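S.K.: what shape does this take:
(2 chains)
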Amino acid sequence: MRLALFADIHANRQAFAACLEAARVRGAERLICLGDIVGYGADPEWAVDTVIDLVAKGAIAVRGNHDNAIGTPSDSMNAEAQAVIDWTRGRLSAEQRRFLAALAILREEDNRLYVHSEASDPAKWRYVRDTSDAARSMMATELQITFCGHTHRPGLYSMSSAAKMTSFVPTTSVPVQLLTGRRWLAVLGSVGQPRDGDPAASFAMYDMASREITYLRVPYDVETAAARIRANGLPYWLADRLLIGR
Amino acid sequence: MTNVAALAMQPGAEIDGFTIGECVHRGGMATLWSVTHPGIDVPLLMKVPRISEGEDPAAIVSFEMEQMILPRLSGPHVPACFGTGDFERQAYVVMERIPGQTLYKRLGELPMPYEEARGIAGKIAAALAGLHRQNVIHHDIKPSSIMFREGGEAVLIDFGLAHHNHLPDLLQEEFRLPYGTAPYMAPERLLGVRDDPRSDLFSLGVLLYFFTTGVRPFGETESLRGMRRRLWRDPYPPRKLRADYPPWLQEIVLRCLEIQPSARYPTAAQLAFDLTHPEQVKLTARGLRIKRDPIGTVWRRRFNLGAVQPHAKSNVAAQLAASPIVAVALDTGDGSEALNEAIRITAGQVLSTLPSARLACVNVLKLNRLSIDRTLDEQGQNKHVDRLVALQHWARPFRLEEGRLTVHALEAIDPGAAILEFAAVNLVDHIILGARRNSMMRALLGGVSAKVASEAPCTVTVVRPSRLAQQANTGESGGTDHTKDEAAVTPREMF
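M.R.: Numbering: from 1, shown residues only, chains lettered A, B, ... in the order given. Prediction:
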């Protein structure tokens, strides 16, 4: 079974559509959405409807902090993010808002954990930025592999049976076998707002038979996504940063 | 888990289709079993880590590294991998069994004749070039990690300490002390650097020093304190130990043993090149000296250690790509000036962007199948030397510093095949040669560029003279000189 995993879509229609197509071409059999379907981007209705449709067909989705802020206003967001959340709330239907509010914050499947931020206290929305963040999350679960997002930067951590940590910035398109002798935390890059200097949309495939994860990059129509942000009166920086991937 | 594993591993047992045979080796980290599998007719070895209580945790981690890296490697310089099993049931790696002994068996014969050691080191360097090209650094180059195929190619075994540039490095934070074989370990490893392929060149330098002098350049110390000395103290030059030590060999050995990786050979392929062409090694003060660095230099190094450290994460592939061996095939006869000029422009563009590139200029003299080769021409001049001089002259405008230029005059019935063989033997990354428009030349040389371009193991650039030069040459049919003369004369209407 081949999983396609998407994190931090952020209402970027052009990026998400391009990733879905790339996953289809690679034979994805099951889709996992790791949260933050909305926020920052200009097509929240399309993004939420698309995920509703995928979930109806068997996909798994968990709730991100931006999805959460639609129903439960957050006091920790920066002004730009908050402005887009307020705008997004007005755009979504009651049914779409209910879908976001009802998403689980954490899902388990076989030996895998899906969560937006990290596993130790998912509702605190902490970032996994280094091995100590990763270790805290991995100590909080028994499952062998945790998939998360939230940082918008790809990262892959492992913990040996002696609790020694390793960190790694994945190389695009090179499969990495998640060895069974240790536990793993895979932080996905962002579909809709990459921040690692590469504007191409980021997602990953995981092959359950070979236990290999492959981080992928998909070039997409960034100009249109940025133009949509400006045309809807959203903060210009949110459009500009898509062009540079920061 | 441990008990289950111990029970399963006995002669006659079967794991994933592999039938266990005799146990051929019990080491500190792993045991090796001879195994068979229907449908696989090469001899196989199964490597099983020792994972019971009280074993070194390094055994597990290095086994995991090997399990990740070995299946991705290919080529004659590594054992082929036929399967892996994970820790959930029975951890193992099945690989091709290389017949024969490791180089360790030869330690009783040291010091070895220089020529033999050169040949061995050249094969190891070629193997390292093949490994580095696959983004892997071995990190445990020593006699017991090296075997040879019947065809002569060196095979690197034991990837438990290796680093793959595109995979997580499980050893990065595992151990407080650098893990490896102390006498062979590069100085930067003591500072925690695991991603520089030139660390393997240092280890090969230690091996070559040891094999030719009988003495290990940094002794056999195992203490961290003793090992750290190599961060500032250079070894005795081999010429101090053996008066007849060839300067070219010392030049190579001491360049491998440079403390700063940037002062070593930029790539294993370039080291292999020098080992293949000892007569062309450019001697510097390094090759001749008989004393170690003066104490002032050593103290400066020792107490400025912090100052030399900044080290960005290296990209193995980028480092190799920046240091290619570029071979330029040239005609030296009359009528090749325009084409050679065009080739010089192209080669100049390549060299100017790649400061570590190395240039090998090759001229092939086509031999007539029936004639006997004569080294001297009618006037008694040495044609071979003339061609080398012409190649040197052609390359002079590049002003390449010592060691970046070599010239080679070959003789062959089939020039294309000769160029291809030169490229394969010397691990050439890029061939630049000219396409000949002139029909008479083409008849003689028979589409050399087409043959090379289609069959070469590397990038090939086929250069044509600029359009202007081509036009000047096309109307020719014995009237070449006439055309050229006219072009050289200022037309009347210009005044």
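S.K.: show me what from chain A comes close to chain B.
M.R.: Residues of chain A found near chain B (C-beta under 8 Å from any C-beta of the partner chain) are A:131, A:156, A:158, A:160-162, A:164-168, A:171, A:174, A:176-177, A:179-182. To be clear about C-beta, it is placed using only N, CA and C from the backbone, and glycine gets the same treatment.
S.K.: among these, the buried ones, what's the PyMOL command?
M.R.: Selecting the buried subset of those in PyMOL, with 16 or more other C-beta atoms under 10 Å in any protein chain shown as the burial test, is done by:
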select buried, chain A and resi 131+156+158+160+164+165+166+167+168+171+176+177+179+180+181+182
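S.K.: can you list the residues that contact the helix or strand of chain A with the lowest mean pLDDT?
M.R.: Least confident helix or strand of chain A, by mean pLDDT, DSSP states H and E, is strand A:165-168 with a mean of 92. Identification of contacts with strand A:165-168 by C-beta atoms under 8 Å, 6 or more residues apart in numbering or on different chains yields A:130-132, A:134-135, A:155-160, A:176, B:167-170, B:172-174.
S.K.: pLDDT below threshold where in chain A?
M.R.: Regions of chain A meeting the criterion pLDDT under 70 are absent.
S.K.: can you map out the strands along it?
M.R.: Remark: strands assigned in chain A by DSSP state E are A:2-6, A:30-33, A:60-61, A:106-109, A:112-115, A:145-148, A:155-159, A:165-168, A:176-177, A:183-187, A:201-207, A:212-218.
S.K.: partner strands of the second one and their direction?
M.R.: Sheet pairing of strand A:30-33 (DSSP bridges) gives strand A:2-6 (parallel), strand A:60-61 (parallel).
S.K.: need those strands in JSON lines with mean neighbour count and distance to A:Gln82, can you?
M.R.: Formatted as JSON lines, these follow (neighbours: other C-beta atoms under 10 Å in any protein chain shown; distance: least, C-beta to C-beta, whole Å):
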{"stretch": "strand A:2-6", "mean neighbour count": "24", "distance to A:Gln82": "24"}
{"stretch": "strand A:60-61", "mean neighbour count": "22", "distance to A:Gln82": "23"}
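S.K.: just the pLDDT for the residue nearest to the spatial centre of chain B.
M.R.: Chain B has B:Ala269 as the residue nearest its centroid, 2.4 Å off, counting by C-alpha atoms, centre = their mean. In this prediction, B:Ala269 carries a pLDDT score of 96.
S.K.: got it, and B:Met494?
M.R.: pLDDT for B:Met494: 50.
S.K.: tell me the phi and psi of B:Phe202?
M.R.: Here is the backbone geometry of B:Phe202 (degrees, to the nearest 10): phi -60, psi -50.
S.K.: show me what contacts the nearest residue to it once chain neighbours are set aside?
M.R.: Distance criterion C-beta to C-beta, 6 or more residues apart in numbering or on different chains; nearest residue to B:Phe202, sequence neighbours excluded, is B:Ala186 at 3.7 Å. Taking C-beta under 8 Å, 6+ apart as the contact definition, B:Ala186 lies against B:Asp196, B:Arg198, B:Ser199, B:Asp200, B:Phe202, B:Ser203, B:Pro261.
S.K.: 10 Å instead, please
M.R.: B:Ala186 is in contact with B:139, B:141, B:178, B:180, B:193, B:196, B:198-203, B:205-206, B:230, B:256-259, B:261, B:264, counting by C-beta atoms under 10 Å, 6 or more residues apart in numbering or on different chains.
S.K.: just to be sure, B:Phe159 is in a strand?
M.R.: No: per DSSP: H, G, I helix; E, B strand; the rest coil, B:Phe159 lies outside any strand segment and is coil.
S.K.: pLDDT below threshold where in chain B?
M.R.: Chain B contains residues with pLDDT under 70 at B:1-8, B:52-56, B:173-177, B:306-314, B:369-381, B:436-446, B:467-495.
S.K.: please confirm that B:Trp360 is located within a helix.
M.R.: Just to correct that, residue B:360 is Ala rather than Trp. No: counting by three-state DSSP, B:Ala360 falls outside a helix, being strand.
S.K.: verify the stated contact: it with B:Phe422.
M.R.: Yes: between B:Ala360 and B:Phe422 a contact is recorded at 7.8 Å, counting by C-beta atoms under 10 Å.
S.K.: what sits against the closest residue to A:Gly155 other than its chain neighbours?
M.R.: Nearest residue to A:Gly155 in three dimensions, chain neighbours excluded: A:Val187, at 4.1 Å (C-beta to C-beta, 6+ apart). Residues in contact with A:Val187 (C-beta under 10 Å, 6+ apart) are A:7, A:34, A:117-118, A:127-129, A:133-134, A:137, A:146-157, A:167, A:170, A:204, A:215.
S.K.: could you do B:Ala321 as well?
M.R.: Neighbouring residues of B:Ala321 by C-beta under 10 Å, 6+ apart: B:Arg133, B:Thr267, B:Asn315, B:Leu354, B:Ser356, B:Ala357, B:Asp429.
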